[in-house]
Every structure is written in structure tokens, then in C-alpha cells.
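Trainee: The following comprises the amino acid sequence and a computationally predicted model.
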Amino acid sequence: MSLTLLSATVSLPTSPFPPLAVGFMGLGTGYLIYGPQELFGYPKRDERVDFATGMWGIWMPGFMQFITGVYLFLGLTLFGTFKAPILYMAALAFTAYGVHWFAIGWNRLRRADARVNVGMTVAFMVISALGIVVFFHSGGDPPVGGLFIGLFCVYFADFFASLQADVPGLGKLGERALGFFHIGTGIWLMYLMFALVLDFVWHYTLWV
């Protein structure tokens with residue numbers, strides 16, 4: 001009854017402006033913070049560096065993606081401000097990646113054991129593969145599909161990086177690969193954010 005009453009009293013227009021750029025900016029910044037440390041070892045990890053990296057992880061890729069995902073879900077399911085079904089996948093991804101970055105940031109801040117990340121990497125390879133299928137299917141949105149390819153590579157590398165305590169050689173190689181994919185995917189996220197904003201504001205055609 002309450003939902004019926006709410007739908008009868010709250011009527012919002014469809015919005016052409018889903019907050020995707022917020023999520024892209026947050027995740028891209030997180031990747032560009034974590035990537036150089038993983039690939040080049042700079043800055044060298046210590047308690048202060050891990051605390052700073054963890055805080056950035058919680059707030060940029062964590063909070064900015066989470067709020068984007070929740071905003072999209074509310075617009076899709078409760079207020080009807082977004083109509084495109086493909087945004088359901090975006091809402092799922094931003095929410096899931098945001099919450100998992102809360103954990104990543106906190107674990108880095110607390111210097112927790114990375115081996116527990118192994119199962120997480122499998123789950124996020126699955127959601128990344130789902131994103132690839134959704135955004136490439138029937139020409140849905142190839143630039144975002146490309147992002148999910150980068151995300152899949154990130155979690156594939158992170159699987160091996162998480163084993164560094166038990167398999168140091170393979171784990172170190174996985175960490176370097178993780179840094180490489182973090183930087184590459186972070187740069188692509190910056191492009192997506194830049195192109196999307198210019199497309200919305202000035203109708204540029206960088207988003208292709």
C-alpha cells in the first residue's frame with residue numbers, strides 16, 4: 001500500500017543524465033593511485049603509505065562508485081528517472097565495485113592478509129565477464145564493454161597477486177601485472193569520464 005501511495009504522489013521526469021561520470025572518476029582515481037605502487041614500487045610500502053592508500057581507496061573508488069550505483073538503482077526501480085535497461089548492469093557493477101573497494105581500502109589501511117582476496121577475485125571476474133557480454137551485446141556500448149575487459153584483466157592479475165605470501169615469485173609477477181592493468185584501465189576510465197561529460201554538456205562525439 002505504501003509503495004502504491006508513493007508512486008501515486010511522487011512523479012519524476014525521465015533524466016538523460018545518469019551519474020556515470022562520478023563512478024568513472026572515482027574508480028579511475030583509485031586505479032591511478034594503486035597502479036604505480038604495484039607496478040613500480042613507488043612509493044615504497046610502509047605503514048604510512050598503506051594508511052594513505054587505504055583511505056583513498058575507501059573514499060574515491062569506494063564511496064564514489066557506491067553512491068553512483070545506489071543512485072542508478074533508485075532511478076531505475078523506485079523513481080523511474082532512468083529507463084535504459086542497460087543501466088541495470090551499470091548499477092549492479094558500481095554498487096558491487098564500490099562496496100568491495102570499501103573492503104580493499106580498509107584492508108590496506110589495516111595491512112590485512114591479502115590471501116583472502118582470492119575468492120573475491122573470482123567473483124569479480126564473473127561480474128566483469130557479465131559486463132563484457134551486456135555492453136557488447138547488440139552494439140550496446142562498446143567503450144564501457146572495453147572497460148569491463150580491463151576490469152576482468154585486473155581481477156585475473158589480482159588472483160595471482162593475492163598469493164604472494166605463499167608463492168612469492170608468481171605473486172610478485174601478479175602484482176606487477178595488476179599495477180599495469182590498474183594504470184591502463186585507470187587511463188581509460190579518465191577518458192570515459194572526460195568524453196561522457198563533454199557529450200552531455202556540449203554534445204561532442206568523443207563517446208563512440
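Mentor: That came through fine.

Trainee: and the lengthiest helix in the chain, which residues are buried?
Mentor: Longest helix of the chain, by residue count under DSSP state H: helix 168-202. Neighbour counts over helix 168-202 (16 or more other CB atoms under 10 Å) mark 171, 174-183, 185-186, 188-197 as buried. The C-beta positions use only the backbone N, C-alpha and C, and glycine is treated the same way.

Trainee: Equivalent analysis for stretch 71-83, please.
Mentor: Buried residues in stretch 71-83 (16+ other CB under 10 Å): 71-73, 75-76, 79-82.

Trainee: Would you format the residues you listed as JSON lines with distance to Gly28 included?
Mentor: Output for those, formatted as JSON lines (distance: CB to CB, whole Å):
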{"residue": "Tyr71", "distance to Gly28": "18"}
{"residue": "Leu72", "distance to Gly28": "18"}
{"residue": "Phe73", "distance to Gly28": "22"}
{"residue": "Gly75", "distance to Gly28": "22"}
{"residue": "Leu76", "distance to Gly28": "24"}
{"residue": "Phe79", "distance to Gly28": "27"}
{"residue": "Gly80", "distance to Gly28": "29"}
{"residue": "Thr81", "distance to Gly28": "25"}
{"residue": "Phe82", "distance to Gly28": "22"}
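
Trainee: Spatially, which two of these are the most separated?
Mentor: Pairwise distances across the buried residues of stretch 71-83 (CB to CB) peak at 13.6 Å, for the pair Tyr71 and Gly80.

Trainee: what's the longest helix of the chain packed up against?
Mentor: helix 20-40, helix 142-161 (3 or more CB pairs under 8 Å, 6 or more residues apart in numbering; DSSP states H and E).

Trainee: outside of the shortest one, which residues touch it?
Mentor: I take that to be helix 142-161. Applying CB atoms under 8 Å, 6 or more residues apart in numbering, the external contacts of helix 142-161 come out as 31, 38, 90, 93, 97, 114, 117-118, 121-122, 124-125, 128-129, 131-132, 134-136, 167, 170-171, 173-175, 177-178, 180-182, 184-185, 188-189, 192, 195, 207-208.
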